[in-house]
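[1] Pasting a predicted model and its sequence here:
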Amino acid sequence: MSLLTLSHISAFYGPSQALFDVDLALDEGEVLALLGRNGMGKSTTIKVICRLLRHRGGTVIFDGQDMARLPSYRAARAGIGLVPEGRRCFTNLTVEENLIAAARPGEWDFARVAGLFPRLHERRSQSAGSLSGGEQQMLAIGRALMTNPRLLILDEATEGLAPVVRQEIWAAIARLKSETGMALIVVDKSLGELGRIADRAVVLEKGVSVWTGAFAALSPALTDRYLGV
Amino acid sequence: MRRERVLNAALLLGLLAIPLWAWIVDEPFTITLVTRAVILAIAGIGLNVALGLGGLVSLGHAAFFGLGGYAMGILAYHAQTYTPLIEMPLLIEGTKSMPVIWLVAIAVSALAALAIGALSLRTTGVYFIMITLAFGQMFYYFAISWPAYGGEDGLSIYVRNGVAGLNTMDPLTFFAICYALLLLVLFIVSRLAASPFGLMLGAARQNPARVEAVGQAPYRLYLTAFVISGAITGLAGALFADLNRFVSPVMLSWQTSGEIMVFVILGGVGRVFGPVAGAALFIALEHWLGGLSDYWHIYLGAILLGVVLFARGGIYGLIAGREVAHD
């Protein structure tokens, strides 16, 4: 049975429809790349999964549970962790406080997150607002891990970061896959890096899931057509 | 951080030293004055849990302060008149025991905060301010129109309530009781602020949606903070009524809510010890400026304006610097 299944999802922002009949499925331990150009519905799909946006049609099933009526905090408690676009750390708290505040029972604790991102340990007493962009991204990932999710969603986790920092983030994501068996949904523009970790891909075009399959099966023709690269 | 700790210690030592000095030179009025500052500091710490940690601007905290006061007044009134509080379905009598009165004051205020908070926290911003103000005024007018307990004239208690066989009519003894409770409240609130709950409350103040994304419901965080805040303010109300041996609807008025908020702003919003400094300064100004002019509130207003415009972290922000995090 799939860990997450989205069937025929439609979603709206006011009167504007953003998602049309989107289908998506994810198994335990699987890494799914969610692809598409800007404005095609990737972030909206993530919002629907995390219950930050209510869908009007279709079903969202996570771990056998219908998520339709759940508020977003219940989705997080059910095991969906989100690393949002733009990081959005709690800048009025220190690094350690950001992590402790989000902690839920499970394998992930401060020491384990600090093992994944040693820089966070070095900066543990520093205000989150004073961190570099890369460090804030590490903190955002660490904060999501502290909720001990079964599914971690990374929305543009490496966007706007220096190449060296991006490599650190990708290395951490790869470790998450190999060492934890956690299911991941990754939104990113870097197809090369995604190719090293993603098992499958879903391509969105104007709010419709137009292609689903093994990541390795993504042909140049497909990427040219739907991703514009 | 170090300067803040030094300021905390200086403040607590100062509040302890002044009554001791006043006892030595036989100045009981000064002891009562500092006791008043200590009690109002507890009320300020209570409001600061909602306002400072949770960003909830409540203009109705006088309701909890007054409920604490009336809990004391009503229980002591029935004890001193030897009349039962309730006869049916079970007999409940009044009491002159301070610990019992404190527990009742805390429970009643917490319950009121739960009911008020559950409704008020469905709103935000200016609507939240107005709805808390409206609830506060409801309690105020109810107390005025309730003749059984003095109505507008209030309720006098002949002898201060007792605890552990101590002579609570002795100003220094009563000060020591209030000071011990202040230390206890400071300890609890300090631990609360540093706990995952306190941290998440601070985070919710900054970004409620992000707090939801890590599995916390901002409404529940706010409501819990509001109930704790109300309970602490209720305890302060019971002590305040015991200090004066008198409770009246004034304790429930919106001016009282405003005064408690002034302690928090003067001392430093969000700083655990801030309301202690704010209440101490307020009482000092009231005493000194009140001796110079009946219109001392004008000077207080000017000082408050200066703090808001030029020292936004209050006395603590001015002396100990703004916090790196938590600001």
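    That came in fine, so what should we check first?

[2] what's downstream of the longest helix along chain A, the next helix or strand?
    Criterion DSSP state H: the longest helix present in chain A is helix A:163-180. Per DSSP states H and E, the first helix or strand lying C-terminal to helix A:163-180 is strand A:183-187.

[3] Quick one: the helices in chain A, in order.
    A:42-49, A:72-78, A:95-102, A:110-116, A:118-122, A:133-146, A:163-180, A:191-197, A:220-222.

[4] no, scratch that, I was asking about chain B
    Counting by DSSP H, the helices of chain B are B:2-24, B:28-48, B:62-80, B:98-120, B:125-144, B:171-194, B:196-206, B:208-213, B:218-244, B:254-267, B:274-292, B:296-310, B:314-320.

[5] between those, which gets nearest to residue A:48?
    Residue A:48 lies closest to helix B:208-213 among the helices of chain B, at 13.6 Å (CB to CB). The C-beta positions use only the backbone N, C-alpha and C, and glycine is treated the same way.

[6] Mind giving me the packing neighbours of the closest one?
    If you count contacts as 3 or more CB pairs under 8 Å, 6 or more residues apart in numbering or on different chains; DSSP states H and E, helix B:208-213 packs onto helix A:72-78, helix B:196-206, helix B:218-244.

[7] what about residue 53, neighbour count?
    No chain specified, so I'll use chain A. 19 (other CB atoms under 10 Å in any protein chain shown).

[8] I was thinking of chain B, sorry if that wasn't clear
    Residue B:53 has 27 nearby residues by other CB under 10 Å.

[9] and it, what is it in contact with?
    B:192, B:193, B:198, B:201, B:202, B:205, B:225, B:270 (CB atoms under 8 Å, 6 or more residues apart in numbering or on different chains).

[10] Check residue A:163 too.
    Taking CB under 8 Å, 6+ apart as the test, residue A:163 contacts no residue whatsoever.

[11] Report whether stretch A:122-135 contacts chain B.
    Yes: interface with chain B: stretch A:122-135 contributes A:127, A:128, A:129, A:130 (CB under 8 Å from any CB of the partner chain).

[12] Not counting that stretch itself, show me its contacts.
    A:87, A:89-96, A:98, A:110, A:114, A:119-120, A:136, A:139, A:160-162, A:165, A:168-169, B:324-325.

[13] ok, and for that stretch, which residues are buried?
    A:123, A:126, A:127, A:128, A:131, A:134, A:135 (16 or more other CB atoms under 10 Å in any protein chain shown).

[14] Tell me how far the last one lies from residue A:152.
    In this structure, residue A:135 and residue A:152 are 19 Å apart, going by CB to CB, to the nearest Å.

[15] How about the residue nearest the centre of chain B, nearest residue that isn't a chain neighbour?
    The structure's chain B has its C-alpha centroid closest to residue B:43; by CA atoms, centre = their mean the separation is 0.9 Å. Spatial nearest neighbour of residue B:43, chain neighbours left out: residue B:236 (3.7 Å); criterion: CB to CB, 6 or more residues apart in numbering or on different chains.

[16] Do I have it right that that neighbour meets residue B:67?
    No: Residue B:236 is not in contact with residue B:67 according to CB atoms under 8 Å; the separation is 11.0 Å.

[17] That'll do, ta.
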